[in-house]
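Q: build the 3D model from these lines:
(one chain, ligands or ions: 1)
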Amino acid sequence: MKMKTDLNDLARRVREAARALAPKQTQFLADLIAIRSYTGEEGPAVERTLRELRAIGCDKVWQDSAGNALGQIGHGQRVILYDAHLDTNQVADAGEWPHRPLEPVIENGAMWGLGASDCKGGVASIVYGAALIKALNLSGDFTLLVMGATLEEDAEGFALRSLVERDGVRPDLVMLAEATDLTLRRGQKGRCEVRVRVTGRAAHASQPELGENAILKMMPVVAALEGTNQTLPVSAVFGPGKQVVSLIEGPHTPNSVPSWCEVTVDRRLVPGETAESVLAGIRAVVEPLGATARLPDQPVLTHTGLRLDGPCYFPGWLLDEAHPLIASGQAAGAALWGRPPKVDVWRFSTDGAYCAGMANIPTLGLGPEEEKYVHTPEDQVDLNKLNEAAAFYALLPFFVND
Ligand SMILES: [Zn+2]
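A: Numbers count the residues shown, from 1 in each chain. The predicted model follows:
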């Protein structure tokens, strides 16, 4: 690590350069917002990001097999990945939006538009973090990868998993640029879906006594699942896990005794729970009542045409408070803003479900976006914070210690 005075001087230079690049960064964000990029349809937004990664002078720019946009700076030992996703959730009712979702507008120092706060503001920050490193001709013993990720809204972590496991790019550290209002995040709750099924025997509804009604068989199962809510694992940071029966299905034959019934259980996980532990817990409750439980597959199709279907399981994670990456993030923030950013956890799920939750890669979050605007018609990101986040991302690799 360099001397503290050197680093403070570096922070000053990075901020100055960030100001100078602000118009280009703002334009890039506006261009991204204007491109519709629902999950699985990110192609044009990926193209636009690749173009920007080339323009800022990345040493290597490519699209990986899952269709993520990637730029690389440097060839050093430590591989640091910055991840922000390009896909947005869908607009339910454009009439509720004060500005048209795909027509970016600047108002009161913030840029409004679909995905501004989730997560295109993050993409514009990490790309311009890399741009600053290039503009100032900085280098160190690191390889910086900047990723405009796909598929996050529907299947967080699946595209990142493909980069690591299919394309063989394994970072040593991951920084996520989801909404944090320039503070740090060291974890999140997880989630998974479990399907619980009972079978009965079909019969004509005029003679129900000849059949076995799967709906009636499911009733005690639902009650038993509801009864376990107080016994789920508890985390000191996140509180208790949660479980709700969220969907019920059966054959669409109103004039027959139903031969099967299936419910979906939405489960919110605390760090440490695994797919196996969740399934074992649910099976212990439902199997004595004649039901089976399984983890369904989530269907996932990339914009490049690759199928990435996988278990509907997104584990929670929590980086240890004493992990050096947290101190690095705080020191980089302090060099820029005079005091270390506070450290919290996310209430929502991110790509960290894979990198931290499954691949055990130390992961931290910081982004310019504010959680209160995520998935709302007030979707926006403060342009000053956008610029500050880019400075943070340019600086962080020089604060990462062994
Ligand atoms: Zn997001």
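
Q: E152 and the ion, how far apart?
A: Distance, E152 to the ion, using CB to the ion, to the nearest Å: 6 Å. For glycine as for every other residue, the C-beta is placed from the backbone atoms N, C-alpha and C.

Q: what of G352?
A: 11 Å.

Q: what does the model give that residue for pLDDT?
A: As summarised for this prediction, G352 has a pLDDT of 98.

Q: ok, which stretches of the stretch 151-300 of the chain are helices?
A: 152-155, 158-161, 214-227, 275-286 (DSSP state H, counting those that start in this stretch).

Q: what's around D172, how many residues?
A: Neighbour count for D172, taken as other CB atoms under 10 Å: 15.

Q: packing partners of the helix or strand where V79 lies?
A: Element membership for V79 (DSSP states H and E) is strand 78-85. In terms of contacts (3 or more CB pairs under 8 Å, 6 or more residues apart in numbering; DSSP states H and E), strand 78-85 is packed against helix 121-135, strand 142-149, strand 173-176.

Q: follow-up on the earlier one: hey, which of the helices of the stretch 151-300 of the chain is tucked in deepest?
A: Of all the helices of the stretch 151-300 of the chain, helix 158-161 carries the top mean neighbour count, a mean of 27, counting by mean count of other CB atoms under 10 Å.

Q: how distant is the host helix or strand of F28 from the center of its chain?
A: Per DSSP H and E: F28 is located in helix 4-34. Remark: helix 4-34 is offset 24 Å from the chain centroid, using CA atoms, centre = their mean, to the nearest Å.

Q: now do the buried residues in it.
A: 7, 10-11, 13-15, 17-18, 21-22, 25-26, 28-34 (16 or more other CB atoms under 10 Å).

Q: how about the residues of the stretch 151-300 of the chain by the ion?
A: E178 (CB under 5 Å from the ion).

Q: show the pLDDT at the residue of the stretch 151-300 of the chain found nearest the ion.
A: Across the stretch 151-300 of the chain, no residue is closer to the ion than E178, which sits at 4.8 Å (CB to the ion). E178 is assigned a pLDDT of 98 by the prediction.

Q: now do the contacts for the closest residue to Q298 other than its chain neighbours.
A: Using CB to CB, 6 or more residues apart in numbering and skipping the chain neighbours, the partner closest in space to Q298 is C312 (4.3 Å). The contact partners of C312, by CB atoms under 8 Å, 6 or more residues apart in numbering, come to 192-193, 295-298.

Q: by neighbour count, which of those wins?
A: Per-residue neighbour counts (other CB under 10 Å) across the contacts of C312 peak at C192, which has 24 neighbours.

Q: I'd assumed L279 was in contact with that one.
A: No: judged on CB atoms under 8 Å, C192 makes no contact with L279 at a distance of 9.0 Å.

Q: which neighbours do the two share?
A: Shared contacts of C192 and L279 (CB under 8 Å, 6+ apart): L295.

Q: how far away is D344 from F238?
A: With distances taken as CB to CB, to the nearest Å, D344 is found 11 Å from F238.

Q: which of the two has more neighbours?
A: Shown here are D344 and F238; by other CB under 10 Å, F238 has more neighbours (22 against 15).

Q: next up, the contacts around the more buried one.
A: 187, 189, 270-271, 316, 318, 345.

Q: kindly report the same for K24.
A: By CB under 8 Å, 6+ apart, K24 lies in contact with 128, 131.

Q: next one: it from L70, what distance?
A: Using CB to CB, which is the criterion applied here, K24 is 20 Å from L70.

Q: now the strand or helix carrying L70 against strand 78-85, angle please.
A: Assigned by DSSP H and E, L70 belongs to strand 69-73. With axes from the mean of the first three to the mean of the last three CA atoms, to 10 degrees applied, the angle from strand 69-73 to strand 78-85 works out at 150 degrees.

Q: for strand 69-73, which outside residues touch it?
A: Here strand 69-73 makes contact (CB under 8 Å, 6+ apart) with 46, 49-50, 53-54, 56, 58-64, 86, 127, 130, 133-134, 143-148, 163.

Q: of those, keep whichever come out buried.
A: Looks like the contacts of strand 69-73 have 46, 49-50, 53, 56, 58, 61, 63-64, 86, 127, 130, 133-134, 143-148, 163 buried, using 16+ other CB under 10 Å.
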